[in-house]
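**Q** would you be able to build a 3D model of this:
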Amino acid sequence: MHRYRASWLLPIIGPPLKDGWVDVDNGLIVSVGCTDQEVPGSGKPLNHRDGLKQIDLGSVVVMPGLVNAHTHLELSALAGEVPSASAMPHWVEDLLARRIELKPDGDASIREAIKQLRQSGTVLVGDVSNTLASFKPLVESQLAAVVFREIIGFRSADAVKLVEQACRELMTLVTTHRVRTSLAAHAPYSVSSKVCEMIRSTVDRWPGAPRSIHLAESVEEVDFLQTGTGPWKELLFRLGAWDSEWTPPGCSPTDFLRGVGWLDDRAIVVHGVQLKSEDLCTLGEAGVTLVACPRSNEWTGAGQSPVASFYEAGVRVAIGTDSLASTADLNLFTELAAVRRLAPDVAGRTILESATRQGARALGFGDDYGSIEPGKRADLIAVQLPDIVEDVEEYLLSGIQPQQVLWIRDQQ
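**A** Numbering: from 1, shown residues only. Take a look at the predicted model:
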């Protein structure tokens, strides 16, 4: 058994502990405390235990590994290749064109992205994939993950074929406790109601599995659902994917979710840039998790994420970087700094919970990751601190760099 000591310990479920420690045995957290606590009724300090190997990590804050709740690792080879845009449909068209031109690199770019995630303190990812190319590299890595097989299909007549094909692909994969699979719908402008309904009914038969969808990312998506016109319809026509029998539902993105039965605590919706206050309240009441990716939203032309409103409405908020095609890096600490900039009045601890506990719960790993508690996995990071820190939680939202991050298991 090892005891790791640190200047600060951040359990997430409570305030930071000064001069904290955590006991670890066989990869699991055994106990947590700080130097001034005592064992009730024993007269002995709680930090006294015979036979421990003591490891003093020094001037660091120990916290749970981060949870990047939304990535597209298969797009990693497009890092720096897709310019920013003023409107999201333009950015998507550019992405599609450059993806066709992309020279195969095996899975080298995916493995490099996974390395980047690990180096910046990420323990768990929710990765959305059309190809499942990230599955094998993730299994062979130290990360935990849910790999979502994303389905794109606007024609209702194709629903059964598309979902059955995706399920067959998932059945060929050997999942582990650490790397799991599920299904995702791309977005309301690219996936028919029938496909969404089938995804929901399929995933709901898999105990504890989440399902994911991009929602209310662009103004054009909102307009498309209302009128059935605009750039998304034009793109579907050009791709030969338009359904001539489709009629616009004339509803908001949240009402679209309600109509396909997705408003529950197993739903993960990503972006939400265009959601109004009443939409956010609906998501909050249903227990839906909303993943904010503010840097990506600005790059793709979707707009500025109203993340402060997410918290104000009481929605469960998680954090994601999105892909390297739309953001400079996969460092979730950099994303946290963007969230802090956009939500200056939200408590630092609440934002840090979004990057740990909320993401882990949403992905179905709440019993393993997300907080420092007895029984959870000891995949913990230590972030180096300067000599003087007035508020350790705020410091963690200032833009921590990978060279400041250590995994405590590597410090034995």
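**Q** where in this structure is pLDDT low?
**A** Scanning the chain for pLDDT under 70 picks out 36-51, 412.
**Q** the stretch 201-350 of the chain: strands as residue ranges?
**A** 211-215, 267-271, 289-292, 316-319 (DSSP state E, counting those that start in this stretch).
**Q** now the ones you listed as a markdown table including distance to Glu353 and mean neighbour count?
**A** The way it works is simple: take the backbone N, C-alpha and C, and place the C-beta from them, glycine included. Shown next, in a markdown table, are the strands of the stretch 201-350 of the chain (distance: least, Cβ to Cβ, whole Å; neighbours: other Cβ atoms under 10 Å):
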| stretch | distance to Glu353 | mean neighbour count |
| --- | --- | --- |
| strand 211-215 | 20 | 27 |
| strand 267-271 | 16 | 27 |
| strand 289-292 | 12 | 28 |
| strand 316-319 | 9 | 26 |
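**Q** what are the bridge partners for the closest residue in space to Glu150 that isn't next to it in sequence, then?
**A** Leaving aside its chain neighbours, Glu150 sits nearest to Ala184 (4.4 Å; criterion: Cβ to Cβ, 6 or more residues apart in numbering). With DSSP bridges as the criterion, Ala184 is bridged to Glu150, Ser212.
**Q** for Ala184, give me its contacts.
**A** 128, 148-151, 199, 211-213 (Cβ atoms under 8 Å, 6 or more residues apart in numbering).
**Q** state the distance from it to Arg211.
**A** The gap separating Ala184 from Arg211 is 6 Å, by Cβ to Cβ, to the nearest Å.
**Q** ok, Ile110 next?
**A** 23 Å.
**Q** then Ser134?
**A** 18 Å.
**Q** also Val22?
**A** In this view, Val22 and Arg211 are 34 Å apart by Cβ to Cβ.
**Q** Leu52: neighbour count?
**A** Residues lying near Leu52 (other Cβ atoms under 10 Å) number 16.
**Q** let me fix that: Val174
**A** 8.
**Q** that one - that's part of a strand, no?
**A** No. Applying DSSP: H, G, I helix; E, B strand; the rest coil, one finds Val174 to be coil, outside a strand.
**Q** quick one, what contacts it?
**A** Val139.
**Q** report the separation between it and Arg180.
**A** The value you get for Val174 to Arg180, if Cβ to Cβ is used, is 11 Å.
**Q** same thing with Ile152?
**A** Counting by Cβ to Cβ - Ile152 and Arg180 are separated by 22 Å.
**Q** out of these two, which sits in the more crowded spot?
**A** Between Ile152 and Arg180, Arg180 has the larger neighbour count (other Cβ under 10 Å), namely 21 against 15.
**Q** excluding chain neighbours, give the residue nearest to the more buried one in space.
**A** That would be Val146: by Cβ to Cβ, 6+ apart, it lies 5.1 Å from Arg180.
**Q** okay, and the beta partners of the one you found?
**A** Bridge pairing for Val146 - DSSP bridges - gives Gly126, Arg180.
**Q** let me see the contact set for it.
**A** Going by Cβ under 8 Å, 6+ apart, the list of residues near Val146 reads 125-127, 180-182, 209-210, 363-365.
**Q** go through the residues you listed and name the one nearest Ile319.
**A** Proximity of the contacts of Val146 to Ile319 was ranked by Cβ to Cβ; the top entry is Gly126 with 10.7 Å.
**Q** is it true that that closest one touches Ala145?
**A** Yes. Look at Gly126 against Ala145 with Cβ atoms under 8 Å: they come within range, at 7.3 Å.
**Q** what's the domain layout of the chain?
**A** 2-64+370-411, 66-362 (automatic domain parsing).
**Q** please identify the deepest-packed of those domains.
**A** domain 66-362 (a mean of 20; mean count of other Cβ atoms under 10 Å).
**Q** what's the span of that domain, first residue to last?
**A** One end of domain 66-362 sits 13 Å from the other (Cα to Cα, to the nearest Å).
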